[in-house]
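Participant: What would the 3D arrangement of this be:
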Amino acid sequence: MSHNYEAEKAALLDDVKQVLKDAEALYRAAVDDGTKESKALKDKLKAQLNRAQQQFSELEGSVVERTRQAAAQTNDLVHRNPYQAMGIAAVVGLVLGALLNRR
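Facilitator: The predicted structure is shown next:
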C-alpha cells in the first residue's frame, strides 16, 4: 500500500512540476506588443508563477518531512509494542478478508 501511495505522490509531484514548467514556457513565449497593459499583465503573471513555484517547493518539503516523521513514529510504535502491532494487523487482515469474501 505504501508503495502505491509513494508512486501516486511522485506522479502528482511530477505533474505539478510539469504544469509549472509549461506555465513558465508560456510566459517566456508570450508576445509583448509594447503596451503598458501587456507589460503589466506579463509582470503579474511572472509574480504569480514565482509565488506558485515557491509554494510548491515549500509544500513538497513539508509533505516529505511529515511522511518521514509518520514513518519514524510508526516504526518506533511497532518496535515498542510488537505484539500489539501484530494483533492489530491480524484483526485488520481478518476484517478485510471478511469484507472481500462477501463480494
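
Participant: Only C-alpha atoms from now on, for both contacts and neighbour counts.
Facilitator: Will do.

Participant: Could you list the low-pLDDT ranges of the chain?
Facilitator: Along the chain, segments meeting pLDDT under 70 span 1-5, 29-34, 38, 103.

Participant: pull the longest helix from it.
Facilitator: Across the chain, the longest stretch assigned as helix under DSSP state H is helix 36-80.

Participant: Would you mind identifying the next helix or strand past that helix?
Facilitator: The helix or strand immediately downstream of helix 36-80 is helix 82-101, counting by DSSP states H and E.

Participant: In contact with residue 78, which residues are there?
Facilitator: By Cα atoms under 8 Å, 6 or more residues apart in numbering, the residues touching residue 78 are 84, 85.

Participant: ok, so what distance separates it from residue 90?
Facilitator: Residue 78 sits 14 Å away from residue 90, going by Cα to Cα, to the nearest Å.

Participant: show me the contacts for the nearest residue to residue 42 once chain neighbours are set aside.
Facilitator: Excluding its sequence neighbours, the residue lying closest to residue 42 (Cα to Cα, 6 or more residues apart in numbering) is residue 27, at 7.2 Å. Contact analysis of residue 27 by Cα under 8 Å, 6+ apart lists 42, 45, 46.

Participant: of those, closest to residue 73?
Facilitator: If you rank the contacts of residue 27 by distance to residue 73 using Cα to Cα, residue 46 comes first, at 40.6 Å.

Participant: That closest one: how many residues sit nearby?
Facilitator: Using other Cα atoms under 10 Å, residue 46 is surrounded by 16 other residues.

Participant: Likewise for residue 6?
Facilitator: Neighbour number of residue 6 under other Cα under 10 Å is 12.

Participant: got it, and the one 10 residues further on?
Facilitator: Around residue 16 there are 14 other residues, counting by other Cα under 10 Å.

Participant: Just want the angle from whichever strand or helix holds it to helix 36-80.
Facilitator: If you go by DSSP H and E, residue 16 is part of helix 2-29. Here helix 2-29 runs at an angle of 170 degrees relative to helix 36-80 (axes from the mean of the first three to the mean of the last three Cα atoms, to 10 degrees).
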